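Participant: below are the sequence and a predicted model for it; my questions follow.
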Amino acid sequence: MDSTQKDSIMRMARGAFEERVDYEMSRVIDNITDPNTKATAKRKITLTIELMPDDARRQIQVSVTAKSTLATTKPVVTSLCITNNDNGEMVVAELVPQIPGQIGLDGSQQDSPKLLKLLHTVNE
């Protein structure tokens, strides 16, 4: 067995450099399989290798940083409607697909819409 076997810098630090890249790759794969992200969005892994030699140029401190750029989650969208309640007060309600209480073809009943909580400021 050759005692002067050469290897990649990525396998140095007892494999920790390579492990960092694998960790970021796992994060990227999780992001790709997340249905809340755009499937075709580009993801990126950036590897930064810093080499810091000493004054004698005999020893080199090597630092490896792996960073992933993931796809953002898709926006969640809803629609609001400004209307008045039975007392004539303004309310903001989330639009629902059917009339509240109506039975759908699948037998489900449409819930009442959520009402937006409005905070009123007091002018002094």
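Facilitator: Yep, that arrived.
Participant: just the helices in the protein please.
Facilitator: Counting by DSSP state H, one finds helices in the chain at the ranges 16-33.
Participant: what about residue 91, how many residues nearby?
Facilitator: Per other C-beta atoms under 10 Å, the neighbour tally for residue 91 reads 15. Yep, even glycine has a C-beta here, placed from its N, CA and C like the rest.
Participant: ok, now which ones touch it?
Facilitator: Residues in contact with residue 91 (C-beta atoms under 8 Å, 6 or more residues apart in numbering) are 82, 83, 84, 85, 115, 116.
Participant: please redo it, this time with the cut-off set to 10 Å
Facilitator: By C-beta atoms under 10 Å, 6 or more residues apart in numbering, residue 91 lies in contact with 81, 82, 83, 84, 85, 113, 115, 116, 118.
Participant: any idea how far residue 110 is from it?
Facilitator: From residue 91 across to residue 110, the span is 18 Å (C-beta to C-beta, to the nearest Å).
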